[in-house]
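1. I would like to see how this sequence folds:
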Amino acid sequence: MKEKNTPTMPRLPRYEVALEDKANAIHSLLQNESIVALVGMGGIGKTTLSTKVYHLFHNQYEKSSFLEDVKSKHINNVKKKLLQDLCDRKLCKDEDVDEYLDEIKQCMISKKVLVVVDDVGTTKNLEALQLPIDKHATNVNCKSKILVNCQNWQILKNYVRESAKVDMDFLEEQHARKLFMCHAFKHANSVGEI
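-> The predicted structure is shown next:
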């Protein structure tokens with residue numbers, strides 16, 4: 001059964017500090033790479049930055065999908081969301097999503113697609129999605145783009161070129177202070193210029 005679908009937007013945090021410049025830098029990198037990786041320890045802001053990139057740039061693609069917190073979800077549910085977002089196909093509960101993986105691949109090859117794979121925990125999870133990943137592809141031969149974030153570079157190194165790896169760092173001190181103040185006082189207006 002085929003039905004038109006609008007992908008759900010992941011929620012941005014209430015307070016943002018220094019996100020837009022980083023998101024623009026990631027988007028620039030995606031112009032020259034088919035897949036980009038955000039790598040860093042848990043809680044450092046990989047999901048927040050991925051979400052910001054998605055919010056800012058998903059409308060520049062024909063189709064898009066944000067696969068949130070992949071490592072904590074059953075992989076078949078993740079694949080079903082990908083199928084629904086990219087192919088406008090919603091499966092019945094008993095249908096086998098693996099029968100439609102070629103349809104997902106074909107969509108990513110024939111259309112301009114953005115897929116964000118958030119918090120992939122294992123190589124097995126990434127491989128199960130069967131995305132048409134070619135770490136040697138550039139914007140010349142690949143319109144579709146994949147942004148994946150992970151805590152462990154070893155999981156991604158066979159799929160992502162070293163030049164497309166972004167190591168997430170801690171916030172600079174003034175940005176960290178500003179973010180703390182926003183949360184502590186519950187509204188951004190309480191934070192003066194820093």
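
2. does the residue nearest the centre of the chain lie in a helix or a strand, and which?
-> The chain has Val116 as the residue nearest its centroid, 2.2 Å off, counting by CA atoms, centre = their mean. According to DSSP states H and E, Val116 maps onto strand 113-117.

3. export that strand as PDB, just CAs?
-> Provided in PDB are the C-alpha atoms of strand 113-117 (Å, rounded to 0.1, in the frame of the first residue of the first chain):
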ATOM      1  CA  VAL A 113      18.200  12.400  -0.900                       C
ATOM      2  CA  LEU A 114      19.500  13.400   2.600                       C
ATOM      3  CA  VAL A 115      19.700  10.600   5.200                       C
ATOM      4  CA  VAL A 116      20.800  11.300   8.700                       C
ATOM      5  CA  VAL A 117      21.700   8.200  10.700                       C
END
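
4. that one - contacts with which helices or strands?
-> With contacts taken as 3 or more CB pairs under 8 Å, 6 or more residues apart in numbering; DSSP states H and E, strand 113-117 sits against helix 46-57, strand 63-67, helix 75-87, strand 145-150. All C-beta spots, glycine's among them, are computed from the backbone N, C-alpha and C.

5. in its sheet, what does the second one sit against?
-> The strands that strand 63-67 pairs with in its sheet are strand 113-117 (parallel) (by DSSP bridges).

6. I'd like the next helix or strand past the partner strand.
-> Downstream of strand 113-117, the next assigned helix or strand under DSSP H and E is helix 123-129.

7. what's the offset of that next one from the middle of its chain?
-> How far helix 123-129 lies from its chain's middle: 15 Å, per CA atoms, centre = their mean, to the nearest Å.

8. so what touches it?
-> Residues from elsewhere that reach helix 123-129 (CB atoms under 8 Å, 6 or more residues apart in numbering): 67, 70-71, 75, 78-79, 82, 117, 120, 148, 155-156, 158-159.

9. from these, pick the one nearest Glu20.
-> Comparing the contacts of helix 123-129 against Glu20 with CB to CB places Val148 closest, at 21.0 Å.

10. what is the neighbour count of the closest one?
-> Val148 has 27 neighbours, counted by other CB atoms under 10 Å.

11. ok, it - contacts?
-> Contacts of Val148 were listed using CB under 8 Å, 6+ apart, and they are Ile35, Val36, Ala37, Leu38, Val116, Val117, Asp118, Val120, Leu126, Leu156, Tyr159, Val160.
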